[in-house]
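J.: Structure for the following, please:
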Amino acid sequence: MEYTHLGRTGLSVSRAVLGTMNFGPQTSEEDSFAIMDRAHDLGVNFFDTANVYGWQKGEGVTEQIVGRWFAQGGGRRERTVIATKLYGDMGDWPNESKLSALAIRRQLDDSLRRLQTDHVDLYQFHHIDRATPWEEIWQAMEVAVQQGKVLYAGSSNFAGWHIAQAQEAAARRNFVGLVSEQSIYNLLVRDVERETLPAARAYGLGMIPWSPLQGGLLGGVIEKTEEGSRRLEGRAKEALEANRPAIEQYEAFAKEIGHAPGELALAWLLHQPGVTAPITGPRTMQQLESAVASVDIHLDQAALDRLDEIFPGHKTSPEDYAW
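T.: Here you go, the predicted structure:
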């Protein structure tokens, strides 16, 4: 396993992130435990979750699974950089969502209880809260840091100017502010290259891409559907048809250079400036093993150029649309 610093911090994290979103809804607790144990065996020390995962309002099902895994001991918690998130609805009463000081205090304590730990290594804002001023958010986070309940703060799904707002407000308070941004980023969806990724790099935030395979479209979907191991319906089928020519070229290129499509997509992200590590949410042990294998793939400039031809990206604004 390779390790890197998370953004401008001194925190060392693996270049593969274990996403836990499927733990509970798709993957049994027993299998989730086995996947987390195997992740440690493979050197993965960076796990990502959220208070809403498990999709039972207010229950924090996935955090509870991770917490029971931590409770087994054996250095599981000590060897893990655990990241969780808040913002989504955790109940139907006021202040059970978003980023008010009250919500931050309550949701953090609830996550700590479910995770069976005394601190969160990376506490992430799952979405921008346009109604809460940054002075309030940072004051609440400063208290959490002083109490030893949070070590670092991160964002998710932020625009570039949201990152700038957050960091300038933090600087006025002599506070560290954000150290990471978690955005959708993959070969098919490269919008963050315009402003979010440049902003993250300018302020020293590590980029943590989510949906690196774009819902499986970059994981060999055409071959899998043709051989009958996968069936697409609804929006997934529509997305494939809208992008079929490019995906056909992509799968052919992956075969040409001897890599599985999913591993190639993850490896491409690891070659992008500013990317710390992509998040993969394995449902099975095989998917975890495949994700970790991507860390060892080196792509030369010719391969990177070919991928840019198949899936054109964006220049930084304003050059992306003006001179």
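J.: ok, and for stretch 284-304, which residues are buried?
T.: Neighbour counts using 16 or more other Cβ atoms under 10 Å place Q287, L288, S290, A291, V292, A293, S294, V295, I297, L299, A303 of stretch 284-304 among the buried residues. Bear in mind the C-beta positions are built from the backbone N, C-alpha and C, glycine included.
J.: Among these, which one lies nearest to L112?
T.: Nearest to L112 among those is L288, at 26.2 Å by Cβ to Cβ.
J.: wait, that closest one sits on G281?
T.: No - the pair L288 / G281 is not scored as a contact, 9.7 Å apart, by Cβ atoms under 8 Å.
J.: hmm, who's touching the lengthiest helix in the chain?
T.: For the chain, the helix with the greatest residue count under DSSP state H is helix 234-257. The contact list for helix 234-257, computed with Cβ atoms under 8 Å, 6 or more residues apart in numbering, reads 187-188, 214-218, 220-223, 225, 232, 260-261, 264, 303, 306-307, 310-311.
J.: just stretch 91-100 next, same as before
T.: Contacts for stretch 91-100 (Cβ under 8 Å, 6+ apart): 57-58, 86-90, 102-103, 106, 125, 129, 131-132, 136-137, 140.
J.: cool, stretch 280-299 as well?
T.: With contact meaning Cβ under 8 Å, 6+ apart, stretch 280-299 is reached by 1-2, 15-22, 26-27, 31, 34-35, 38-39, 42-44, 212-213, 259-260, 262-268, 270-271, 307.
J.: Filter these down to just the ones in strands.
T.: V17, L18, G19 (DSSP state E).
J.: Now stretch 106-126: buried residues?
T.: Under 16+ other Cβ under 10 Å, the buried positions of stretch 106-126 are 106-108, 110-112, 114-115, 117, 119-126.
J.: make that stretch 89-99, sorry
T.: M90, E96, S97, K98, L99.
J.: hey, where'd the strands end up in the protein?
T.: Assigned by DSSP E, the chain shows strands spanning 3-5, 12-14, 17-19, 46-48, 81-86, 120-125, 150-156, 178-182, 206-207, 279-280.
J.: For the third one, give the mean pLDDT please.
T.: Just to be clear, that refers to strand 17-19. Averaged across strand 17-19, pLDDT comes to 98.
J.: Show me what that strand packs onto, helices and strands only.
T.: Packing partners of strand 17-19 (3 or more Cβ pairs under 8 Å, 6 or more residues apart in numbering; DSSP states H and E): helix 29-41, strand 46-48, strand 279-280.
J.: Please apply the same query to the longest one.
T.: Contact here means 3+ Cβ pairs under 8 Å, 6+ apart; on that basis strand 150-156 packs against strand 120-125, helix 134-146, helix 160-172, strand 178-182.
J.: Would you mind telling me which of the ones you listed is nearest P198?
T.: Set against P198 and scored by Cβ to Cβ, these come closest in helix 160-172, at 6.6 Å.
J.: Can you give the distance of the closest one from its chain's centre?
T.: 21 Å (Cα atoms, centre = their mean, to the nearest Å).
J.: Compute the first-to-last residue distance for stretch 121-133.
T.: Start-to-end span of stretch 121-133 (Cα to Cα, to the nearest Å) is 24 Å.
J.: Where does pLDDT dip in the chain?
T.: Low-confidence segments of the chain, defined by pLDDT under 70: 228-231.
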